[in-house]
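Below are the sequence and a predicted model; questions follow.
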Amino acid sequence: MNYSVNFSYGINVEAEDKDKATQKAFKRWDEDAPRSEEMNIETAAGEDGFCPKCGSSELDYKDTEMEDGQIAHIYTCEKCKFEGIEWYSKVFAGHTDKNGNFVK
């Protein structure tokens with residue numbers, strides 16, 4: 001059985017199980033979300049998608065993991081080679097049917 005997940009920016013992915021579908025959706029969102037080329041280093045440390053060391057948006061995401069109810073995106077900065085993790089809080093967004101359509 002394939003699970004489908006619909007995300008912002010029109011992202012719709014399918015995978016063998018719910019966790020894999022969610023991971024694929026987050027990865028696609030990370031890749032497709034609009035971003036500026038680079039960010040001022042003073043604000044980069046508090047923003048996702050930018051290296052906190054050099055401000056570059058050239059992050060190579062290696063893996064996505066769930067840990068203690070949070071989502072961890074592991075990455076390497078292609079510009080300065082900093083290795084880090086972006087942390088996200090998991091927030092309930094609603095229910096979907098098996099095709100990924102939200103149920104109200």
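Perfect, thanks for sending it.

Quick one: residues in contact with stretch 68-75.
Stretch 68-75 is touched from outside by 26, 30, 59-66, 83-90, with contacts defined as Cβ atoms under 8 Å, 6 or more residues apart in numbering. In short, each C-beta sits where N, CA and C put it, glycine included.

mind listing the helices for this protein?
Remark: helices of the chain, listed N- to C-terminal, are 18-32, 41-44; assignment by DSSP state H.

Confidence-wise, which of those helices is weakest overall?
Mean pLDDT values for the helices of the chain show the minimum at helix 41-44, a mean of 56.

got the contact list for the nearest residue to Glu78 once chain neighbours are set aside?
Spatial nearest neighbour of Glu78, chain neighbours left out: Glu58 (3.9 Å); criterion: Cβ to Cβ, 6 or more residues apart in numbering. Contacts here follow Cβ under 8 Å, 6+ apart; on that basis Glu58 touches Cys51, Cys77, Glu78, Lys79.
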